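Colleague: Dropping the sequence and predicted coords here.
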Amino acid sequence: MKLRRPSAAACVVAALFVASPAHAIRPFITDDARVVGDKLAQLEMWMLLDRRVLEHNVLVAIGPTDWLELTAGFTHGGVHTGPERGYSITGPILQGKALVLPARDNGWPGLAISIGGLPPLGHGAFTPPGWSGFAYAAVTESLFEEGLLLHANVGISIGDDGASTSSHGVEGADGRLRTLVTAGFGLQARIAFGLHGVAEIYRGDPYDPRTDFPAMQAGFRYIFSDQVQVDGTVGSTLTAVRGAGGHAQSEQWGTIGLRLVTPELW
């Protein structure tokens, strides 16, 4: 399983020193240097479909302050081929994200630090083989009044890569504890009105130590308002990975997602 913050994705920016409401990142893997906002909550949901699985991913975040974001989520869905065919669910994933420095348009980039983990709980093929944890730094540069947003991440993911199903139908390797360096670069560019193009290239997902391959995604994000936006992506691994039955091949997928943000809660 891999929760795709999706997003999976790809964002930013404070005017002068004040952060405005956050934009969704998942299903992009490369995160932004931003938090949901003081007294706000957000719901991110997205579907991921590939040749082996159909996943529904859910992340709920709340901002107790203007610099801290707390997130919990889960993944469920079905494996539609192979011996693991059937319904599966896993979670919760738990994450804390701190905004260290808000981004300034056409100025210095923003910086955020995230840390979290996922227990080996669930049912079916998505159940992780063991505990996993992650930490990463996210940097975002905003240009042209958020017309172009650039994101870069670097971090580590530690956990068991044993026999269970990662996103894109990739099977775990050999059941050993792994420490992976994760990295990604993404961008969001305004096209017209609320429509934005998004793209990223990354290696490894902080949420899943089994996904140590390089991959890329591209798609769109339509921002109706600070409270509502939708997105869609297509992606592919850049190398062959071990899939169903142990066969090595590249994997492709598609996603569609929705993100909602509340008014101030208190």
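Modeller: Yes, it's here.
Colleague: so where's the stretch 51-200 of the chain uncertain?
Modeller: 161-175 (pLDDT under 70).
Colleague: Now do the strands in it.
Modeller: With strands called from DSSP state E, counting those that start in this stretch, the stretch 51-200 of the chain shows them at 53-62, 68-79, 86-101, 110-118, 122-123, 132-143, 148-160, 177-192, 195-203.
Colleague: Does the third one pack against any helices or strands, and if so which?
Modeller: Read it as strand 86-101. strand 68-79, strand 110-118, strand 122-123 (3 or more CB pairs under 8 Å, 6 or more residues apart in numbering; DSSP states H and E). The way it works is simple: take the backbone N, C-alpha and C, and place the C-beta from them, glycine included.
Colleague: Out of those, which is closest to His151?
Modeller: strand 110-118 (9.6 Å; CB to CB).
Colleague: Figure out which of the helices and strands packed on strand 86-101 is closest to Lys39.
Modeller: Closest among the helices and strands packed on strand 86-101, once you apply CB to CB, is strand 68-79, at 11.5 Å.
Colleague: got the buried residues for the closest one?
Modeller: Glu69, Leu70, Thr71, Gly73, Phe74, Thr75, His76, Gly77, Gly78, Val79 (16 or more other CB atoms under 10 Å).
Colleague: ditto for stretch 41-60
Modeller: For stretch 41-60, by 16+ other CB under 10 Å, it's 41-42, 44-48, 50, 52-53, 55, 57-59.
Colleague: Let me know the distance separating His229 from Phe134.
Modeller: His isn't right for residue 229; it's Gln. Look at Gln229 and Phe134: by CB to CB, to the nearest Å, they are 25 Å apart.
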